[in-house]
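*Asks:* Fold the following for me, if possible:
(one chain, ligands or ions: 2)
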Amino acid sequence: MIQVTLPDGSIKEMAQGATPMDVAKSISEGLARNVISASYNGTTIETTTTLTTNGTLVLYTWNDVAGKKAFWHSTSHVMAQALEELYPGIKLTLGPAIDNGFYYDVDFGDQKITDADFKKIEDRVLEISREKHEFKMRPVSKAEALAIYKNNEYKTELISNLEDGTITFCDHANFFDLCRGGHIPNTGIIKAMKILSVAGAYWRGDEKNKQLTRVYGISFPKQKDLTDYLELLEEAKRRDHRKLGKELDLFHFSQKVGQGLPLWLPKGAALRDRLEQFLKKAQKKAGYEQVVTPHIGMKDLYVTSGHYAKYGADSFQPIHTPAEGEEFLLKPMNCPHHCEIYNARPWSYKDLPKRYAEFGTVYRYEQSGELHGLTRVRGFTQDDAHIFCTPDQLDAEFKNVIDLVLYVFGSLGFENFTAQVSVRDLDNPDKYIGSVENWEKAENAIISAAKDKGLNYVIEAGEAAFYGPKLDFMVKDALGRSWQLGTIQVDYNLPERFELSYKGADDKLHRPVMIHRAPFGSMERFIAILLEHTAGNFPIWLMPEQAIILSLSEKYENYAKKVLDLLENHEIRALIDNRNETIGKKIREAEMKKYPFMLIVGEEEEKNGTISVRQRGQEGKGNISVTIEEFAAIINEEINKTLKQF
Ligand SMILES: [Zn+2]
Ligand SMILES: [Zn+2]
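*Replies:* Residues are numbered from 1 along each chain as shown. Ligands and ions are numbered 1, 2, ... in the order given. You can find the predicted model right below:
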C-alpha cells in the first residue's frame, strides 16, 4: 500500500500501482469524469501513471490552469497529427500550451498554410478527437530517438540536449511525438477547436535561425466555450487601448522620438493629471509627502542599490560627462533616490513613519519586439512611494496602504480582485536577507492586514523576493482578464545597502523597514488597462471633458459660450462644437469620442436660458431640458456614485 496525500491534507491508502484516475474514482465518480490531468510531488504526470511511492497528488479539472494546459497541450498533438496528414513531409518542432491555447512551430518546407486551410485542419482535428484515442507515454533510448528523427534537424537538436534514459514519446492513434508528458486521458473530450492565426517564428526564438510557421490554436470541452471565447476576442479587439488611444486623442508614438516612448496628447495628459491629482489628494490625507527627484543618477547609486546588477549591462548604457568623466544612468527605479532623501538628516523613532511619494519617471530598456502600446514601454511614470518605518509600525502601515489601494480600485470601477501574499520558502532560509524575527513580523503584518481588511487572498510560499515579503493585487477586468495592479512590498535590503537608520527609544541606532508601493503601478500601464476595462467610458470624474455643447447652428455661438462659462463656474469640464454641421452628425461624433453628456443649444434653449441634455448611450430616453444649475446637480450626483471621499 502507498499513502497518497491530497491538497486538503487528507490521506488515501491506495494499492501500489494505483493511478491518479483510480484515486479520483475512490473519491467520487463525478470527480473521475472531470479529472483531466494530475501532478505528483509537484511533477506533472499522466492520469494513467502508476503511483509507486508515497506522495502528494493534485488532480486537475478544466477549471484549473494546469488542467487547461494539459488540455491544450494534448490538442497540439492532435493538430500536429492533422498537419502531418494534410501536409506530408513537414517537420514538426515544438508545440507547447500557452496562457490561452497552444501553438505548434512547423517547418512547412515548400508548402504553405493560409487562412483558407484552417477549416479543413480544424475538421480533421475534431474527427480524430471523436475517435477517443488515449495518450500513452513510452520511454525511448537516445539512439533510437535520434534514428527515428534523423530527417528532422529540430527534433534531433532537442534530443541531443536530453539525457539518455529521460527521453519519452507520446503516442495517440497512429501518431507519436517527442514529449515530456502531461496529457488529458483521451482525445474524446476535445469538442471544439479553432486555429486562431499563423505567424512567423524563428527556431528557438533566435533570428539567426530558420524562420518557421507558428500555428496558434485553442480548444475547449464544449462548443459554447469556444463561441464565448471568440466573442471575447472580438470585444478585446474593439477595446484595444492602442485603438481607443488613437480614437480618443490620448497618446501617440513617433518613430522620430523613439520606440516605446509614448507622447501624451493634451487630452491624455489631462487624464493623467486628473489621476495624479486624485491620488495625491488621497495620499496627502494618508500622511504622504511629495518629493521630486531627477531622471538620472550616478552609476554608483545603482551599484549601491543593486539595480545596476539587474538593469545595468543589458539596459540603457551610462551617459558620460565630457570633462569630469562622470557616469550617469537613466533612472530605472525611484527607490535609491528616496533612500538618499531619507538620509538627508538623522531621524528619531518619534519621527517615523516617513512616507515619500513621487510620480517618478523611470527608463528601462525593452527589446523592440517586446514593446506593446502603453503596457510595455521604455519610459514610464510610477505612482511610487516609499514608507520608512520601525518594524513595529509595519502592521499599521500595511493596513493604511491596503485602504489606499482599495479606495483607488473602488473609485475606478475595479470591483473584482484577489490578493496574493508572497512569503518565504521555509526550506531555504539562506535565500533571504534580514533576520528571521523581522521576516516573521513582516509576514504576520501582511497576513493580518489582509485578513483585517476582508481581502480574498491566497498565501504563496516561496514567492517572496529575497529582500522581503509582498502583497500583490490581481484585478479582473470587464473581459475577465487578470492584471496585476497595486503591489505592496516590504524591503530589508535597501535600508542595509544605504545604511538607513533612526535613533530608537533605547538611544541606539536601528534600521528602518522600507515599504515600496504603487497602487496604479505605472500611469502608462494603468491607463491602458483602464481603457480596455471601461472601453473608454471612464468614470465621469476622470473624463478630460465631461460634456460637449452642440449648437444647432452658428447663430447660437454666443449662447454656447455663455453656457460654457457657467459650466466652468460649476467646475464642469466642457467644450463647444460650433461647426456648421448637422446636429445628427455632431451627436454621432460626440458619441464616438465618448463624451458623457451632450448639451444641445438652439433658439428654444437660448430663449429659456436652458440646455437640452442627452446622456451618452441612452438614445431611447430622449433629451431633458434643464437649467445649468440643475445640470450641475445631475453631474455631481453621477460623480458621487463612484468617487467617494478618502
Ligand atoms: Zn505531449
Ligand atoms: Zn521602490
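
*Asks:* distance of residue 115 from residue 198?
*Replies:* If you measure residue 115 against residue 198 using Cβ to Cβ, to the nearest Å, the figure is 8 Å. Any C-beta I mention is one placed from the backbone N, CA and C, and that applies to glycine too.

*Asks:* Mind checking which of the two has more residues around it?
*Replies:* Of the pair residue 115 and residue 198, residue 198 is the one with more neighbours under other Cβ atoms under 10 Å, namely 20 against 9.

*Asks:* any idea how far residue 217 is from the more buried one?
*Replies:* With Cβ to Cβ as the criterion, residue 198 and residue 217 are 10 Å apart.

*Asks:* Would you agree residue 493 is in contact with residue 500?
*Replies:* No. Contact criterion Cβ atoms under 8 Å: residue 493 and residue 500 do not qualify, at 11.0 Å.

*Asks:* give the contact list for the residue of the stretch 501-646 of the chain found nearest ligand 2.
*Replies:* Per Cβ to the ion, the residue of the stretch 501-646 of the chain with the smallest distance to ligand 2 is residue 516, at 3.4 Å. Counting by Cβ atoms under 8 Å, 6 or more residues apart in numbering, residue 516 touches 335, 384-386, 487-489, 491.

*Asks:* Which ones among those lie within helices?
*Replies:* Among those, the members found in helices (DSSP state H) are residue 335.

*Asks:* Which two of the contacts of residue 516 have the greatest separation?
*Replies:* Put simply, by Cβ to Cβ the two of the contacts of residue 516 set farthest apart are 335 and 488, 13.9 Å from each other.

*Asks:* Which one's more surrounded, the two?
*Replies:* Applying other Cβ under 10 Å to residue 335 and residue 488 shows that residue 488 carries more neighbours, namely 26 against 22.

*Asks:* measure residue 195 to ligand 2 for me?
*Replies:* 44 Å (Cβ to the ion, to the nearest Å).

*Asks:* Show the pLDDT at that residue.
*Replies:* Per-residue pLDDT puts residue 195 at 97.

*Asks:* Name the SS class of residue 590, please.
*Replies:* Under DSSP: H, G, I helix; E, B strand; the rest coil, the three-state class of residue 590 is helix.

*Asks:* per-residue confidence for it?
*Replies:* Predicted confidence (pLDDT) for residue 590: 92.

*Asks:* so what's residue 447 closest to, chain neighbours aside?
*Replies:* residue 421 (5.9 Å; Cβ to Cβ, 6 or more residues apart in numbering).

*Asks:* who does the one you found bridge with?
*Replies:* Residue 421 has these beta-bridge partners by DSSP bridges: residue 459, residue 471.

*Asks:* helices and strands of the protein: which one has the lowest mean pLDDT?
*Replies:* helix 307-311 (a mean of 82; mean pLDDT, DSSP states H and E).

*Asks:* Give the buried residues for that helix.
*Replies:* 307-308, 311 (16 or more other Cβ atoms under 10 Å).

*Asks:* Now the phi/psi pair for residue 249, please.
*Replies:* With angles defined as degrees, to the nearest 10, residue 249 sits at phi 60, psi 40.

*Asks:* got a list of what it touches?
*Replies:* Here residue 249 is in contact with 265-268 (Cβ under 8 Å, 6+ apart).

*Asks:* quick one, what contacts the closest residue to ligand 1 within the chain?
*Replies:* Of all residues in the chain, residue 179 sits closest to ligand 1, at 3.3 Å by Cβ to the ion. By Cβ under 8 Å, 6+ apart, the residues touching residue 179 are 77, 137, 168-170.

*Asks:* same check, this time on residue 596
*Replies:* Taking Cβ under 8 Å, 6+ apart, one finds 537, 540, 543, 546-547, 615-616, 638 in contact with residue 596.
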